[in-house]
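Enquirer: quick one, fold the following:
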Amino acid sequence: MKYLLSTLFILLFITGCATKDPKIQSVKKLDLNQYLGKWYEIARYEHFFEKNCKNVSATYSLKKNNNIKVVNRCQDIMTNEKKEAIGEAKKVDNTNSKLKVTFFWPFYGDYWVIMLAKDYSYAVVSEPTKKYLWILSRTKTLPINIQNKIVKKLKILNFDISKLIWTIQE
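Expert: Residues are numbered from 1 along each chain as shown. You can find the predicted model right below:
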């Protein structure tokens, strides 16, 4: 637990100090009710709080206070040890596509949905500094043509595609 708290503090500090890229915009509107539920991680930028993780998922549910409960889960690739982190997200504006997420209150990090399928079958999440990136899907796999479409758009936005880690989903 101490490691997780330290990790999250450092993440939030680094994110707050980095230069924001004006090209990075969230989607115009996100229907939170459609977004809630379970998402599987297809790919990510590597970071130490998810290092050596496979079977990564995030589950979002609405809380009574209208904030969002966030439950992130994964398994260690080597030991199969299951890990879980529970946090909370709150809306930043009326688009619902920009959230502030905390796993260690009162420190929050940006969570911006920057790409979203019309049917909410996949989403791409980042933040204005581009230090973090996740490709998410409602299923454990994403068709290669959709992956290619996402990667092409990420290149246009000047994301470093070579840093993507493609998540093992069993």
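
Enquirer: now this structure, which segments are flagged as low pLDDT?
Expert: The chain contains residues with pLDDT under 70 at 1-18, 21-22.

Enquirer: repeat the analysis, applying 80 as the threshold.
Expert: Where the chain drops to pLDDT under 80, the residues are 1-23.

Enquirer: where do the strands sit along it?
Expert: Ranges of strands within the chain are 37-45, 53-62, 68-76, 82-91, 98-104, 107-116, 122-126, 134-137, 164-166, based on DSSP state E.

Enquirer: would you mind measuring from S26 to S97?
Expert: 4 Å (C-beta to C-beta, to the nearest Å). C-betas here are computed from N, CA, C, even on glycine.

Enquirer: which residues are common contacts for those two?
Expert: When contacts are counted by C-beta atoms under 8 Å, 6 or more residues apart in numbering, the set common to S26 and S97 consists of 112-113.

Enquirer: related to what we said a few turns ago, so which of the strands of the chain comes closest to N145?
Expert: Shortest distance between N145 and these, using C-beta to C-beta, is found for strand 122-126: 11.7 Å.
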